[in-house]
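In: Quick one, what's the 3D model for this:
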Amino acid sequence: MKKKFLALALTAVMALSLAACGGDTQTSGDTSTDDTASGDGQTYTVGIIQQMQHEALDAATEGFQAALTEKLGDSVTIEFENASGDPSNYSTIANNFVSQGVDLIMANGTSALQAASTATSTIPILGTSITEYGVALGIDGFEDTTGFNVSGTSDLAPLEEQANMLHTWFPEAQTVGLLYCSGEPNSQYQVDTVQSYLEEMGYTCTQYSFSDSNDLSAVATNACAQSDVVYIPTDNTAANNAELIGNIALDSSTPIIAGEEGICKGCGVATLTISYYDIGYATGEMAYEILVNGADPAAMPIEYAPQFTPKYNPTMCEALGLTAPEGYEAIAE
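Out: Reported below is the predicted structural model:
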């Protein structure tokens, strides 16, 4: 009788033990389900360095974020940092992202790209709002790929067409001032190239460079006073101070041809522009290919805007008594 009772007791203990093991197995199964809730369970962290805040760069960042979140949803964490145009912030932000071990860095603006490229040679880097990657990264004979961990999109509108646009608007002008920030290599590249086209057309050109926003007002005043028309390239510092430049131009009745819509909206009469949202979105698609499909940025060609739109600023044109040629679209207020 004692043996029978002991056997029953052991059976009960084993049943309880099996039930406990079954509970552990179920818990493990729940964990596995959570891990696969977002596909293969892979998550990504992307750091964004935006050089400063202004309309064009903001639009590029917005497009980039939209593309990544549409494709990756909750599987991607985006950490955004705005350097506010302070050179000391560029490298600090880039180095912080490297220390965190982010999976990819998006650099919005030339100085931001240079800082990111200096900070890491292993983490993939994508640039946007970059005019000319060979100039920005010091690559001799640059064609379409960098050969290292950097790729991205360009905001370059055809410079010969910009020079032709200036001639269309102001065929009788004699002197052209080229206003730009000397701290932005891509701005120097643009004014040098546009100047060569303009001089072939018979214009007398003078470059007016400012080092930062502190001396911009004085330099812009000289450029407007000494020129029949002023050209400003896709320059981040100029874009961030476009309204200031616009007031100076109105005081001297000097028209400005701008390299992009944001600058033109603040101070210009006409521009040949692109959609910064679209190039930002294209950069996000490139990021997806790198993160998910293993694409190598070293072999990814730089992408360019698919179309360019001639636009004019109705407010500035009215103030200066100018009428836009046919084919120009008004910039929305």
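In: and Thr69, what helix or strand is that in?
Out: Under the criterion of DSSP states H and E, Thr69 resides in helix 55-72.
In: what mean pLDDT does whatever helix or strand comes next after that helix have?
Out: Downstream of helix 55-72, the next assigned helix or strand under DSSP H and E is strand 76-82. Strand 76-82 shows a mean pLDDT of 98.
In: what does strand 76-82 contact?
Out: 43-50, 52-53, 61, 65, 68-69, 89, 93, 96-97, 100, 102, 291 (CB atoms under 8 Å, 6 or more residues apart in numbering). Where C-beta positions appear, they are placed from N, C-alpha and C, glycine not excepted.
In: Please write out the alpha-carbon positions of it in PDB.
Out: Extracted C-alpha coordinates of strand 76-82, given in PDB (Å, rounded to 0.1, in the frame of the first residue of the first chain):
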ATOM      1  CA  VAL A  76      14.500  52.200 -38.100                       C
ATOM      2  CA  THR A  77      15.400  54.800 -35.500                       C
ATOM      3  CA  ILE A  78      16.400  58.200 -36.900                       C
ATOM      4  CA  GLU A  79      18.500  60.500 -34.800                       C
ATOM      5  CA  PHE A  80      18.400  64.100 -36.100                       C
ATOM      6  CA  GLU A  81      21.000  66.700 -35.200                       C
ATOM      7  CA  ASN A  82      21.100  70.300 -36.600                       C
END
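In: if you skip the residues just before and after it, what's nearest to Gln51?
Out: Gly109 (2.7 Å; CB to CB, 6 or more residues apart in numbering).
In: right, I mislabeled it, should have said Gln226
Out: Gly177 (6.4 Å).
In: Counting by contacts, list what the helix or strand hosting that neighbour packs against.
Out: If you go by DSSP H and E, Gly177 is part of strand 175-181. With contacts taken as 3 or more CB pairs under 8 Å, 6 or more residues apart in numbering; DSSP states H and E, strand 175-181 sits against helix 185-200, strand 204-210, helix 213-225, strand 229-232, helix 236-240.
In: Parallel or antiparallel, list what pairs with the second one.
Out: Each strand pairing with strand 204-210, determined using DSSP bridges, is listed with its direction: strand 175-181 (parallel).
In: which residues of the chain fall in helices?
Out: Ranges of helices in the chain, per DSSP state H, are 2-35, 55-72, 87-100, 110-119, 133-137, 159-169, 185-200, 213-225, 236-240, 242-252, 261-267, 276-293, 314-320.
In: which of the residues in the third one are buried?
Out: It stands for helix 87-100. Across helix 87-100, burial judged by 16 or more other CB atoms under 10 Å covers Asn89, Tyr90, Ser91, Thr92, Ile93, Ala94, Phe97, Val98.
In: Can you add pLDDT and distance to Asn222 and give those residues back as a markdown table?
Out: What follows is the buried residues of helix 87-100, written out as a markdown table (pLDDT from 0 to 100; distance: CB to CB, whole Å):
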| residue | pLDDT | distance to Asn222 |
| --- | --- | --- |
| Asn89 | 96 | 30 |
| Tyr90 | 96 | 29 |
| Ser91 | 96 | 32 |
| Thr92 | 97 | 34 |
| Ile93 | 98 | 34 |
| Ala94 | 98 | 35 |
| Phe97 | 98 | 40 |
| Val98 | 98 | 42 |
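In: quick revisit: quick check: PyMOL command selecting the buried ones in the contacts of strand 76-82.
Out: In PyMOL, this line selects whichever of the contacts of strand 76-82 come out buried by 16+ other CB under 10 Å:
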select buried, resi 44+46+47+48+49+50+52+61+65+68+89+93+97+102+291
